[in-house]
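# My questions are about this predicted structure, shown below with the sequence.
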Amino acid sequence: MAQRLSLSPSALPSPTLSTGIQRCARTLPSGGYLQSWKGWSVAYTHGWIQDSWVLILPLSLRGLVSLLPSVVLGLLLQNGDTNGSEFPLNAMFYGSSLESYLRSSLTRLILPTLYSMVLLVGLPANALAFWVLATKTKKCSSTLFLLNLAGADLLFTLLLPFKISYHLLGNNWLFGDYACRALVTLFYGNMYGSILFLTCISLDRYILLVHPFLWRGSRHVWQAAGVCVGVWLAVGLGLSPLLRYHHSQHVPELNITTCHDILEPDTERELAYYFPTLVVLGFAMPFVLITFSYGGVLWRLLRRGQHYGHVVRLLVLVLLVFALCFTPSNVLLFFHYLQPQPEWHNRTYTWYVLALAVSAFNNCLDPFIYFYVSHDFRARLRARPCCWRGDNKSSSGRAFEKLVLPQRSSEQSQP
């Protein structure tokens, strides 16, 4: 999501500085990014579970609720440190490269348009998916992981109005430094939380199909609930360092306050180690696990013949969407910190910004991939409420098949 404009000593005025956004780059919580030295970002968050009779509020949401005071403080406090530091434009850059970028159609028109599309499609789609999963479906491990994923996507769409307004106002942040910190943290948390829940879903499907007797019954559901809580704790702890730094900087020449676009030199140096590690642990390792899991699932299903062809196609689609949405932004982020030359950042910055915007469309695709692709699921939405609950006596294997792509036959049990 966010990108950054790092303030580096090498970015001070110099007659040899090349054109473009010199050695300054920082992740903006709104999704834009500026060419630069070191810095970038992306994020996500959410989840909960329901049993046959009892609705268990997600313990994982408590971590998200704990961030709300930061947002409130950022909205209320408008002076002092809540607005971050002030940096004269001519002290950071030589020439008008930064001003040109901040006032470009990319950041003021294209990015808010893309994020508005994600908001208009993703908000109702994920809200509907979250409601159906929470209240109208039989609870099992796969449903629980899908519910957390839908919750993470839903939270992300609720953050988009802040990013959209930031870009439409000329990359001007109005809500204070605390709110900026919270937005940056939640934005990254959303991305990596979604990746981890996609990983949980793939591993769960692998276990249910390849090792169906490993986890069974209600105990499996509670184990899955513990995994969800663990995912949110890992995301919260992993992203908590972002709350330490000032992410908003006032640029007096432009009369704007950027959010996560300009970083102080010390912050930039520390994050130069943080973000590559985050990419490896939050993206590369989960991607390997997802590839292994879906590879095992596809191998097992293909051995069973054409009857599972529709499931195979869906699993391939899920893997492709994951790769297309998350791979470009994370790869660019990783190499952004490994290659600190300003020329490199000037060439790749625009692509990185667009990659972040593309990654946001995962929030729109998830509901269609896991639910709306199925004719049976659409039929359940139109059916009587008493017809929405499946047979609780289904085996783990049947539960897996129904969740991946529900059967269209009349064998669906009625209560």
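Yes, it's here. Numbers count the residues shown, from 1 in each chain.

# From here on, just use CA atoms for contacts and neighbour counts.
OK.

# Where does the prediction get shaky in the stretch 251-400 of the chain?
Within the stretch 251-400 of the chain, the segments meeting pLDDT under 70 span 304-311, 339-350, 369-400.

# mind listing the helices for it?
Along the stretch 251-400 of the chain, the segments classed as helices by DSSP state H, counting those that start in this stretch run 265-279, 285-303, 309-338, 342-360, 362-367, 375-382, 396-404.

# Quick one: closest of the ones you listed to Leu209.
Checking those against Leu209 by Cα to Cα gives helix 396-404 as the closest, at 6.0 Å.

# Give the buried residues for whichever strand or helix holds Asp177.
Asp177 belongs to helix 176-210 when assigned by DSSP states H and E. Within helix 176-210, the residues that qualify as buried are 176-210, counting by 16 or more other Cα atoms under 10 Å.

# now do stretch 213-233
By 16+ other Cα under 10 Å, the buried positions in stretch 213-233 come out as 215, 221-222, 224-225, 227-229, 231-233.

# Pull that stretch out as CSV, backbone CA atoms only.
Presented in CSV, the C-alpha positions along stretch 213-233 are these (Å, rounded to 0.1, in the frame of the first residue of the first chain):
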residue,chain,number,x,y,z
PHE,A,213,-8.1,-38.2,9.0
LEU,A,214,-5.4,-35.9,10.4
TRP,A,215,-7.8,-33.3,11.8
ARG,A,216,-11.4,-34.2,12.3
GLY,A,217,-14.6,-33.0,14.0
SER,A,218,-15.2,-30.0,16.2
ARG,A,219,-11.7,-30.2,17.6
HIS,A,220,-10.4,-29.3,14.2
VAL,A,221,-12.6,-26.1,14.2
TRP,A,222,-11.1,-25.0,17.6
GLN,A,223,-7.6,-25.7,16.3
ALA,A,224,-8.3,-23.6,13.3
ALA,A,225,-9.6,-20.8,15.6
GLY,A,226,-6.3,-21.0,17.5
VAL,A,227,-4.4,-20.7,14.2
CYS,A,228,-6.5,-17.6,13.3
VAL,A,229,-5.6,-15.9,16.6
GLY,A,230,-2.0,-16.8,16.1
VAL,A,231,-2.0,-15.2,12.6
TRP,A,232,-3.4,-12.0,13.9
LEU,A,233,-0.9,-11.9,16.8
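
# on that earlier part again, put together CSV for the helices of the stretch 251-400 of the chain, with mean neighbour count and distance to Leu144 on each row.
Shown next, in CSV, are these (neighbours: other Cα atoms under 10 Å; distance: least, Cα to Cα, whole Å):
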stretch, mean neighbour count, distance to Leu144
helix 265-279, 18, 25
helix 285-303, 17, 18
helix 309-338, 18, 18
helix 342-360, 22, 22
helix 362-367, 23, 14
helix 375-382, 15, 17
helix 396-404, 19, 11
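
# Compile these into CSV and extend it with columns for distance to Phe145.
Listed next are those as CSV, based on distance: least, Cα to Cα, whole Å:
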stretch, distance to Phe145
helix 265-279, 22
helix 285-303, 14
helix 309-338, 15
helix 342-360, 20
helix 362-367, 12
helix 375-382, 17
helix 396-404, 11
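
# which stretches of the stretch 51-200 of the chain form helices?
Using DSSP H, counting those that start in this stretch, helices in the stretch 51-200 of the chain cover 61-65, 68-76, 89-92, 97-102, 105, 111-135, 141-168, 176-210.

# Can you lay out those as JSON lines showing distance to His336 and mean pLDDT?
Conversion of these to JSON lines gives the following (distance: least, Cα to Cα, whole Å; pLDDT from 0 to 100):
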{"stretch": "helix 61-65", "distance to His336": "29", "mean pLDDT": "40"}
{"stretch": "helix 68-76", "distance to His336": "29", "mean pLDDT": "40"}
{"stretch": "helix 89-92", "distance to His336": "19", "mean pLDDT": "46"}
{"stretch": "helix 97-102", "distance to His336": "18", "mean pLDDT": "70"}
{"stretch": "helix 105", "distance to His336": "23", "mean pLDDT": "84"}
{"stretch": "helix 111-135", "distance to His336": "20", "mean pLDDT": "90"}
{"stretch": "helix 141-168", "distance to His336": "22", "mean pLDDT": "90"}
{"stretch": "helix 176-210", "distance to His336": "17", "mean pLDDT": "88"}
